[in-house]
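Q: Sequence first, predicted coordinates after that:
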Amino acid sequence: MRVVFLGTPEFGVPSLRALKEAGYNVVGVFTQPDRPKGRGNKMLPSPVKECALSYGIPVFQPLKIRVDGVEDLRSLKPDLCVTAAFGQILSQEILDIPTIGTVNVHSSLLPKYRGSAPINWAIAEGETVTGVTTMMTDRGLDTGDILLKKEVEILPGETAEELTARMAPIGAELLIETIRRIEAGNCPRIKQDETEATYYPMLKKEMGDIDWRLPAEKIVCLVRGLTPWPGTSFVWGEGETVKVWKAEVAENPGMTPGSIIASDAKRGLVIAAGENAVRIIELQAPGGKRMQAVDYLRGHPAAWQRCEMKEERHG
RNA sequence: CGCGGGGUAGAGCAGUUCGGUAGCUCGUCGGGCUCAUAACCCGGAGGUCGAGGGUUCAAGUCCCUCCCCCGCAA
């Protein structure tokens, strides 16, 4: 069976690797073009590209696969296409190429959390269980028929980064099982229940702006869900943006949201929220690296003076 | 060469403008006080100031080169 894999970030790597190790004939890999990344704008290949090259699989990086990737894909004569966090929308023309169809590995329990950032959103919404779903890709956004699902528990305090790393191999395993059952002709295939469906948008930088009027519980979940990107932050005093890496719910003696309840090395950094308060455990100041909040306070003994929070940030 | 911030004791920082004995908070070690404590008091250890070169009587500080870390941009 000729398989073409489409994926970009780290999440897809275990799936690609699993296909190879299960002995499938991966005849080509599509991934996002190398883009200038990081300091100095160095061009960096995607994790999936690196993995593909290590296996000697031909790599294709069309800017828009539905425009300039169609012929390449067709020439590979795939029986099956597999997508895992590819990052581009497939056209019907593309979907029609593989004879069996296109299987997508999606990191939520569909039809919940459709969209490009299901793991982040599941955590941000305070879920305790999520999962991976394999589905037949169709024209819609994560709307295709469900093949197999596997639940994954979200651990207390777990960040999107940690959970993604944990779910990627689970997705890979489910993918192989899915393909085996497709080959065997006994793979379930059920339509998604549209009444149960939820869609969540792409992550944007501004989503990480902390609104202290929200309940502390909500803010803490947002911090976990948006780690490491886009991250959560708030503005401290005179325009200094402080990034929050780790936080927990603390008690609020009744102070107004955004005011500082504590900021010393003994009690830590505690800020009042709409309900309860948020203790910031790990933070990152401009130009600095992430550090324990108490460490930051040691070097900035007057930090408490800059306590006017901007409460009217993004409504 | 995309833009910017930074590297000083185990941790976090000040000192660099204008060269002149290496400082602060915390931790750590020893001692003391207390029914007791994340409290308090006294004392000690711990630093090639990222690396190399240059200027100077004298460089953490001025000049040149390099290395490393971080933010923006996705």
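A: That came through, no problem.

Q: The longest helix that chain A contains: which residues count as buried?
A: In chain A, assigned by DSSP state H, the helix with the most residues is helix A:160-184. Neighbour-count burial for helix A:160-184 flags A:160-164, A:167-168, A:170-172, A:174-179, A:181-182 (criterion: 16 or more other CB atoms under 10 Å). (Glycine included, C-beta is placed from N, CA and C.)

Q: Show me the contact partners of the helix or strand that comes right after it.
A: Downstream of helix A:160-184, the next assigned helix or strand under DSSP states H and E is helix A:216-225. In this structure, residues lying in contact with helix A:216-225 by CB atoms under 8 Å, 6 or more residues apart in numbering are A:119-126, A:157-160, A:207-208, A:210-212, A:214, A:232, A:244-250, A:252, A:273-278.

Q: Show me the shaky parts of the stretch 151-300 of chain A.
A: Residues of the stretch 151-300 of chain A meeting the criterion pLDDT under 70: A:237-239.

Q: Only the buried subset of the contacts of helix A:216-225, as a ChimeraX command please.
A: Of the contacts of helix A:216-225, the buried ones go into a single ChimeraX selection, burial set by 16+ other CB under 10 Å:
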select /A:119,120,121,122,123,124,125,158,159,160,207,208,210,211,212,214,232,244,245,246,247,248,249,250,252,273,274,276,277,278
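
Q: can you list the domain ranges for chain A.
A: By the assignment in automatic domain parsing, chain A contains the domains A:2-196, A:206-314.

Q: Quick one, which of those gets closest to RNA strand B.
A: Nearest to RNA strand B among the domains of chain A is domain A:206-314; the distance by CB to the nearest atom of the strand comes to 2.3 Å.

Q: How far away from the center of its chain is that closest one?
A: Relative to the centre of its chain, domain A:206-314 is centred 23 Å away, using CA atoms, centre = their mean, to the nearest Å.

Q: now stretch A:21-34
A: Offset of stretch A:21-34 from its chain centre (CA atoms, centre = their mean): 21 Å.

Q: Report the separation between the two terminal residues of it.
A: Across stretch A:21-34, the terminal residues are separated by 26 Å (CA to CA, to the nearest Å).

Q: Please apply the same query to stretch A:141-150.
A: End to end - CA to CA - stretch A:141-150 spans 20 Å.

Q: residues making contact with it?
A: With contacts defined as CB under 8 Å, 6+ apart, stretch A:141-150 is touched by A:89, A:103-104, A:106, A:109-111, A:114-115, A:131-138, A:170, A:173-174, A:177-178, A:181-182, A:187-192, A:197, A:199.

Q: Which ChimeraX command selects the buried ones in the residues you listed?
A: Command for ChimeraX that selects the buried part of the contacts of stretch A:141-150, burial taken from 16+ other CB under 10 Å:
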select /A:103,104,106,109,110,111,114,115,131,132,133,134,135,136,137,138,170,174,177,178,181,182,187,192
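
Q: near RNA strand B, which of the contacts of stretch A:141-150 show up?
A: Contacts with RNA strand B are made by none of the contacts of stretch A:141-150, judged by CB under 7 Å from any atom of the strand.
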